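Novice: next one to model:
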Amino acid sequence: MEWTDQALVLRMGAFRESDLWLKLLCREHGLLTLFAFGGSRSRRRFCGCLDVQCRVRSSKDGRFLNLEEAALLQGPRLLRCNWQRMGLAANCLRFVEAMGVGEDAATEAFLLVEDLRAVLEAEKAPPVLLPLYFRLRLAGALGFAPNLGQCGRCGRTISEDALFVVDEGQLRCSSCRSSRFELERYGVEIPAQGLDLLRHVQQSFPSGWPDGELPPPVRRACARAIDGFVQYHLGLAWEGNYFRRV
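Specialist: From the prediction side, this is the model:
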C-alpha cells in the first residue's frame with residue numbers, strides 16, 4: 001500500500017547506522033511512526049516542526065511504514081534560534097504524541113498544530129498559557145471537551161462565576177453548588193472572565209487566542225482547571241520534558 005499526505009515532523013531518532021525513525025502527524029492519516037532508511041545521509045536533515053509532503057509505502061509484511069520521499073513545504077526559522085518558543089512547541093507536540101491522533105480527528109489536529117507553528121513563528125509574543133490552551137483545544141478535537149457552557153446539574157446557561165467540578169468535567173451554578181457535598185468536592189472557582197476565555201479557546205485556533213495579560217487570579221484558575229481536567233480525565237501530567245501517565 002502506498003499513499004501521499006501532508007505531514008508535520010514531530011520528532012526523530014536514530015535507527016541503526018544510517019537510518020531514522022520519524023514521528024509524523026499526517027493530515028489525513030493521523031499520528032504515525034515511519035522509518036526513513038538512509039535518512040541520516042540526507043544533506044537536508046530532518047528536524048522538528050517541518051511541514052513536508054511525504055510519500056509512504058507499507059512494508060511487504062505490513063508491519064511498518066517506510067518514508068519513500070519527502071518534499072519540504074515549510075520549515076522553522078524563528079524557532080531555530082529561540083529556545084523559549086522551541087520549548088513551548090516541544091511541550092505541545094509531546095501532548096499530541098501522548099494523546100495519539102487517529103484518522104477520524106487527523107485533519108482538525110493537523111490544522112491545529114499547523115496554526116500553532118505559525119503562531120510560534122510570528123514576531124508577536126504568544127499567550128502565557130499557550131501550552132495549557134493547546135491541551136484544552138486538542139482534547140476537544142479528540143472528543144474530550146469539558147462542558148463550560150451550562151450547569152451540569154440543572155442545565156442553566158452560566159454567564160457568571162462558577163465552580164468547575166474536575167472529576168465530572170462540568171460546571172456548577174451558584175444554586176446547585178450550595179449544598180455541602182458540592183463544596184467539599186475537588187473544584188476550581190473560575191471567574192466569568194476566565195470562563196469566557198476558555199470557551200473561546202475551545203472554539204478557535206491558536207492564532208485567535210487572546211495574548212493580553214490576565215489578572216493573576218483568573219490565570220491561576222484557568223491553569224488549575226485545565227491541568228486538573230487533563231490529569232483526571234486523560235491521565236496525563238507534564239513532568240520535566242514529557243507527559244507521564246497518572
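Novice: next structured bit after the helix or strand bottoming out on mean pLDDT in the chain?
Specialist: When the helices and strands of the chain are scored by mean pLDDT, DSSP states H and E, helix 180-184 comes last with a mean of 54. Downstream of helix 180-184, the next assigned helix or strand under DSSP states H and E is strand 187-190.
Novice: now that next one: average pLDDT?
Specialist: Averaged across strand 187-190, the pLDDT comes to 92.
Novice: how far off centre is that strand?
Specialist: 23 Å (C-alpha atoms, centre = their mean, to the nearest Å).
Novice: so which elements touch it?
Specialist: In terms of contacts (3 or more C-beta pairs under 8 Å, 6 or more residues apart in numbering; DSSP states H and E), strand 187-190 is packed against strand 162-165, helix 216-229. The C-beta positions use only the backbone N, C-alpha and C, and glycine is treated the same way.
Novice: return the most buried member of the ones you listed.
Specialist: Most buried of these, by mean neighbour count (mean count of other C-beta atoms under 10 Å): strand 162-165, with a mean of 24.
Novice: the helices in this structure, which residues?
Specialist: Taking DSSP state H, the helices of the chain run over residues 78-81, 83-99, 106-121, 130-141, 180-184, 192-203, 216-229.
Novice: among these, which comes closest to E69?
Specialist: helix 106-121 (19.3 Å; C-beta to C-beta).
Novice: in that closest one, what's buried?
Specialist: 106, 108-110, 112-117, 119-121 (16 or more other C-beta atoms under 10 Å).
Novice: and if you look at stretch 201-220?
Specialist: 201-202, 205-206, 209, 214, 218-219.
Novice: do you know how far N147 is from I158?
Specialist: 10 Å (C-beta to C-beta, to the nearest Å).
Novice: quick one, what contacts P131?
Specialist: Residues in contact with P131, defined by C-beta atoms under 8 Å, 6 or more residues apart in numbering, are 88, 91-92, 95, 238.
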